[in-house]
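# Could you work out the structure for the sequence below:
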Amino acid sequence: METKKRILLWKIFISTLYLSTFTFGGGYVIVTLMKKKFVDEYHWIEEDEMLDLIAIAQSSPGAIAVNGAIVVGYKLAGLTGTLTAIIATIIPPFAIISLISLFYNAFQNNCFVSLMLEGMQAGVGAVIAAVVFEMAGGIVHGKNPVSVIIMVLAFAATCFFEINVIYVILICAAIGVVRTVIEQRREKQ
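Sure thing, here's the model as predicted:
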């Protein structure tokens with residue numbers, strides 16, 4: 001394996017290990033951190049492309065952190081990048097959950113642990129709100145009215161009409177496929 005690829009794989013490993021280690025609150029929190037690391041800091045991925053990769057990760061079954069690592073790892077270094085990112089992403093939660101499970105009974109009724117977790121929930125809510133704001137801003141600044149309409153309708157469908165998110169994702173995926181096919185046909189003409 002050439003030196004550049006080894007360095008890239010090492011950076012992928014360290015980055016995804018770091019993100020996975022210090023991301024509390026679920027997969028949506030990691031989206032902002034992935035954007036900051038891979039788009040803003042390393043410039044490996046463009047912002048629009050990151051939104052597409054996150055959409056793929058979110059609509060795929062499984063944990064969004066692992067799915068995000070898969071698509072970013074594959075984009076950057078193919079299959080070896082994917083494997084590297086997966087391993088680095090699953091090590092921290094596996095180790096932390098294993099450790100917590102050993103001491104679960106001791107922590108179960110601890111007042112301080114309970115209060116700490118409640119405080120972390122508030123922080124996680126703020127981070128998720130920031131992710132939504134940044135991703136929506138990217139769509140709005142893209143100045144594509146169809147994308148903005150789809151975003152607003154998807155939001156309304158889930159929040160106001162309580163339509164199952166799975167249906168919204170499937171409908172949005174179908175719309176995306178149709179739009180892509182139409183755009184490709186126009187380019188060929």
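# Pull the residues that contact the host helix or strand of residue 149.
Under the criterion of DSSP states H and E, residue 149 resides in helix 145-159. Residues from elsewhere that reach helix 145-159 (Cβ atoms under 8 Å, 6 or more residues apart in numbering): 136, 139-140, 163, 165, 167-168, 172, 175, 179. For every residue, glycine as well, the C-beta is placed using N, CA and C.
# Using PDB, list the CA coordinates for it.
The C-alpha trace of helix 145-159 is given here as PDB (Å, rounded to 0.1, in the frame of the first residue of the first chain):
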ATOM      1  CA  PRO A 145     -36.900  26.100  -5.000                       C
ATOM      2  CA  VAL A 146     -37.800  22.400  -5.500                       C
ATOM      3  CA  SER A 147     -35.400  21.300  -2.700                       C
ATOM      4  CA  VAL A 148     -36.800  24.000  -0.400                       C
ATOM      5  CA  ILE A 149     -40.400  22.900  -1.100                       C
ATOM      6  CA  ILE A 150     -39.500  19.300  -0.500                       C
ATOM      7  CA  MET A 151     -37.800  20.200   2.800                       C
ATOM      8  CA  VAL A 152     -40.800  22.200   4.000                       C
ATOM      9  CA  LEU A 153     -43.300  19.600   3.000                       C
ATOM     10  CA  ALA A 154     -41.300  16.800   4.700                       C
ATOM     11  CA  PHE A 155     -41.100  18.900   7.800                       C
ATOM     12  CA  ALA A 156     -44.800  19.600   7.800                       C
ATOM     13  CA  ALA A 157     -45.700  15.900   7.000                       C
ATOM     14  CA  THR A 158     -43.800  14.600  10.000                       C
ATOM     15  CA  CYS A 159     -44.400  17.400  12.600                       C
END
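# and it, how far from the chain's centre?
Centre-to-centre, helix 145-159 and its host chain are 19 Å apart (Cα atoms, centre = their mean, to the nearest Å).
# got the buried residues for it?
147, 150-151, 154, 157 (16 or more other Cβ atoms under 10 Å).
# Any chance of a markdown table for the contacts of helix 145-159, columns neighbour count and pLDDT?
Below are the contacts of helix 145-159 laid out as a markdown table (neighbours: other Cβ atoms under 10 Å; pLDDT from 0 to 100):
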| residue | neighbour count | pLDDT |
| --- | --- | --- |
| 136 | 14 | 80 |
| 139 | 16 | 75 |
| 140 | 13 | 77 |
| 163 | 14 | 93 |
| 165 | 13 | 88 |
| 167 | 11 | 92 |
| 168 | 18 | 92 |
| 172 | 17 | 89 |
| 175 | 15 | 92 |
| 179 | 14 | 90 |
